[in-house]
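>>> I'd like to go over a predicted model; first the sequence, then the structure.
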Amino acid sequence: MVGSFAVGKSSLVKRFVHESFTGEYYTTVGVKIDRKTIQVGPQSMDFILWDLNGEDAFQSVQMSYLRGMHGYFLVIDGTRKATVDVAMQLDHKIQDAFGPTPRICAINKKDLLTEWELDESTTQSMSLPERPMIHTSASSGEGVEELFQQMGTMLLVDP
Amino acid sequence: MSTLPDNLRTYLQQRLEASQPASFLVDRHGLIESLQGDYAVYGITAEAIGKPAAEVFSVAAGEELEEGATEVFECINIEGVPIFDMHIFGRAQGFEVLLQHTQSQVTSIHELQQRLNETSLKYEHLRASGDAASQLNHTFHQLLFRMDFFVLERVAENQFHPIGILPEWLKSWYPELAVFATSNPAECIPYLEHFLQQARPLWSSPSTSKALYSGIWQEERADRERMHFRARTLNIDDRNLLIIECAPEEVREKQNLLQAARQAALHHSKLQREVKKKEVLLHCIVHDLRSPLTSMLGSLEMMKEEEDPQERDELIEIGINQAERQSQMIDQILHAFAAEIDAWDREGITADEAPQLVEILKSVQRANRAACESKGIRLLVELDDEREAIQAFGDAPQLERILNNLLENARRFTPRGSAIRMKLDQTCIGAQDWARIRVEDEGPGVPAVYRHTLFQQFKQGQNAGSIGLGLYYCKITLNKWDGDISYYQPAGGGAGFELRLRPFGEDHVGSSAEKPLQV
């Protein structure tokens, strides 16, 4: 899980793994690792999720944390337009360092739609065939299962 | 004569009470490194366990006991009563002592202590009687203990053995590792799997004295307690060491600083949005105040040409009503506008407060009729004939404001001689019933290129001479009531805006009728 700070990376993992949400902001330092096994079609898949610290002026994502990954999620906060640029920069950096790798854009905080700064044209421009985009809400759980299911499907095609 | 060390006392007491064996590890210098689990003890002399020192130390030096071999001694017999049987197991770095509790009449540590004292058995710290090497080793273990490190020695590929005294935090965070046994710590600390791979080159060149530091990882327990950890690898005297730190001080400081800085950044961003929202409100206010003024001007304009005194009186009445409306709006704005935007309690709304949509449409029609007629436009209201009264969640003055905004836009684009329609019905979308208001004009409609940004702030459908806040205001207000607004193109052309509101009360259930009646 990569992206700017406070976009909801840890909350998405918490929703997916523990089916809970607190709304409390606790900044991640370093990495937090969680596991979950899911069923993708007939296949059982073990997800080892590395929830990395947010990227900003104070702290940058260490590329060494990404070594050995099979795919990654670019998490964006729909209510903060600036988080799009951070995600796109990280995406380029990761693709440059590790080559083509399955990834999905998660535009989070769908439950706060009225506060969104992202318009449809911005979100559309982020969605590429090789980089699908899913609207999520760690708060309500909307789109979260779909997010990981889709990654599972992508990993089965391009392991 | 020294007394039993406190930790050994507690440990033995617990073991006695539970009828469990007790065990601890003795290193190659005869120092007791660790008890199994949580307890550590420094030094228990051979005399104290009832064997000649030479015999035990010869075993401790690893000269007589091969790794894996076992010696069994009966010891701690007090006045002929066996308390524990002692087993000694050969280990790579020394030997392990297992005190097997035997069936005895001794049931408390006090009794054991008393008997030990009576028999003059001595428990002493080995460092007092050990050589310089053992003292150094003791100091090393003390150092690790004080620094709160968990130190493991790599004994084989993916196999590590803990050394020194196990830190207190280990049992709390990694109970599987808080057993004095050889294991692969990466099995319960997933991050280490990654880090130990990085450490491989270092393991293979033990002469390297450089330490390799891991990144920081975070754990969170079910009780939501969080902790940070960091590891490093180090080679000392051809021994591969893995050192794990819990909550390093600088990480705690970093966490605190980052938390504060990022929260400040989020607050700043929120404040910026609040300022922007206030700007929107300000512009909405101006927009709203202009609407009754337009009606007043329309009435005055018509009065100039109206000769019938009765008609003139009606126009004066409309003008006065609009002036009063504007005055009321100013009051509302001054006292409550900002609060209205931020707080609206759907649960707390009563039947008296929920707007009557038919009344609202008629009121809006009356207020806008003159302005429309002055432009030669008919303003029609079409109601669902099955529903005389439809109430919805919302706020009547704000709903009127929304409709006035929409009508003002419609007037701007609707050509003379045509009509603007306000339609009210109920519909069912999915499992949800909605009260629906549609405002349709017969103008050119909104070009497709503008439609997707129509409800965004400072965006407008086309060059309308408006600041582009009216529709944004409509949307945020309806969203606040769990409703929504969308644009559509009516079948006969023009522009259409559909307002969906949550029906209030029981009357709303189950209607999907779409049979408007023109009035």
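Nice, I can see it.

>>> list the contacts for residue A:94?
When contacts are counted by CB atoms under 8 Å, 6 or more residues apart in numbering or on different chains, residue A:94 touches A:2, A:63, A:66, A:72, A:101, A:103. Glycine gets a C-beta too; all of them are placed from N, C-alpha and C.

>>> Distance-wise, check it relative to residue B:278.
Here the criterion is CB to CB, to the nearest Å. By it, residue A:94 lies 39 Å from residue B:278.

>>> swap in residue B:198?
According to CB to CB, residue B:198 stands 52 Å off from residue B:278.

>>> Equivalent analysis for residue A:99, please.
Remark: distance between residue A:99 and residue B:278 (CB to CB) = 48 Å.

>>> The two: who's more crowded?
Comparing residue A:99 with residue B:278 by other CB atoms under 10 Å in any protein chain shown, the one with more neighbours is residue B:278, at 13 against 7.

>>> Help me confirm that the more buried one is found in a helix?
Yes. Counting by DSSP: H, G, I helix; E, B strand; the rest coil, residue B:278 is part of a helix.

>>> buried sites along the lowest-mean-pLDDT helix or strand in chain A?
Every helix and strand of chain A was ranked by mean pLDDT, DSSP states H and E. The lowest is helix A:120-126, at a mean of 82. Neighbour-count burial for helix A:120-126 flags A:123, A:126 (criterion: 16 or more other CB atoms under 10 Å in any protein chain shown).

>>> just stretch B:404-420 next, same as before
For stretch B:404-420, by 16+ other CB under 10 Å, it's B:404, B:405, B:406, B:407, B:408, B:409, B:410, B:411, B:413, B:414, B:420.

>>> Contacts made by that stretch with the rest, please.
Residues from elsewhere that reach stretch B:404-420 (CB under 8 Å, 6+ apart): B:287-288, B:290-291, B:294, B:364, B:367-368, B:371-372, B:375-380, B:422, B:439-444, B:461, B:464-466, B:470-471, B:473-474, B:494-495, B:497.

>>> swap the cut-off to 6 Å and go again
Applying CB atoms under 6 Å, 6 or more residues apart in numbering or on different chains, the external contacts of stretch B:404-420 come out as B:291, B:368, B:376-380, B:439, B:441-443, B:464, B:470, B:474, B:497.

>>> Out of the residues you listed, which is nearest to chain A?
Nearest to chain A, judged by CB to the nearest CB, of the contacts of stretch B:404-420 is residue B:474 at 12.2 Å.

>>> correct me, but the closest one touches residue B:403?
No. Using CB atoms under 6 Å, residue B:474 is not in contact with residue B:403, being 9.0 Å away.

>>> which secondary element of chain B has the worst mean pLDDT?
Scanning chain B with mean pLDDT, DSSP H and E, the lowest is helix B:126-129, at a mean of 30.

>>> got any ranges where chain B has weak pLDDT?
By pLDDT under 70, the weakly predicted segments of chain B are B:1-142, B:165, B:179-181, B:328, B:331-348, B:385-388, B:457-470, B:506-519.

>>> Could you pick out the buried ones from the contacts of stretch B:404-420?
For the contacts of stretch B:404-420, buried by 16+ other CB under 10 Å: B:291, B:368, B:377, B:379, B:380, B:439, B:441, B:442, B:443, B:470, B:474, B:497.

>>> what about the residue in the stretch 1-150 of chain B that chain A sits nearest to, neighbour count?
Ranked by CB to the nearest CB, the top residue of the stretch 1-150 of chain B for proximity to chain A is residue B:150, at 17.5 Å. Residues near residue B:150, counting by other CB under 10 Å, number 25.

>>> for residue B:271, same thing?
Neighbours of residue B:271 using other CB under 10 Å come to 10.

>>> contacting residues for the residue of the stretch 351-500 of chain B found nearest chain A?
Nearest residue of the stretch 351-500 of chain B to chain A (CB to the nearest CB) works out as residue B:479 at 4.5 Å. The contact partners of residue B:479, taken as CB under 6 Å, 6+ apart, are residue A:114.

>>> which secondary structure element contains it?
helix B:470-480 (DSSP states H and E).

>>> What residues of stretch B:363-371 count as buried?
B:363, B:364, B:365, B:367, B:368, B:369, B:370, B:371.

>>> Repeat that for stretch B:284-297.
Of the residues in stretch B:284-297, those with enough neighbours to count as buried (16+ other CB under 10 Å) are B:284, B:285, B:287, B:288, B:291, B:292, B:294, B:295, B:296.

>>> Quick check: the gap between the residue nearest to residue B:321 when sequence neighbours are not counted and residue B:276.
In space, and not counting its chain neighbours, residue B:321 is closest to residue B:367: 7.1 Å by CB to CB, 6 or more residues apart in numbering or on different chains. The spacing between residue B:367 and residue B:276, counted by CB to CB, is 30 Å.

>>> Equivalent analysis for residue B:247, please.
Applying CB to CB, the value for residue B:247 to residue B:276 is 40 Å.

>>> Quick check: closest non-adjacent residue to the closest residue to chain B within chain A.
Scanning chain A for the residue nearest chain B gives residue A:30, at 3.0 Å (criterion: CB to the nearest CB). Spatially, and ignoring its direct neighbours in sequence, residue A:30 is nearest to residue B:216 (3.0 Å; CB to CB, 6+ apart).

>>> Up against chain A, what does chain B have?
For chain B, the residues in contact with chain A (CB under 6 Å from any CB of the partner chain) are B:190-191, B:215-218, B:254-255, B:258-259, B:261-262, B:266, B:452, B:456, B:476, B:479.

>>> try 7 Å
Proximity of chain B to chain A, by CB under 7 Å from any CB of the partner chain, involves residues B:190-191, B:194, B:215-218, B:220, B:228, B:251, B:254-255, B:258-259, B:261-263, B:266, B:269, B:452-453, B:456, B:476, B:479.

>>> Out of those, list just those in strands.
Among the residues of chain B next to chain A, the ones falling in strands (DSSP state E) are B:215, B:216, B:217, B:218, B:220, B:228.

>>> Show me what the fourth one bridges to in the sheet.
With beta bridges defined as DSSP bridges, residue B:218 has these partners: residue A:32, residue B:228.

>>> Residues contacting stretch A:48-68, please?
Stretch A:48-68 is contacted from outside by A:1-7, A:9-10, A:13, A:27-35, A:72, A:86, A:90, A:94, A:97-98, B:190, B:194, B:215, B:258, B:261, using CB atoms under 7 Å, 6 or more residues apart in numbering or on different chains.
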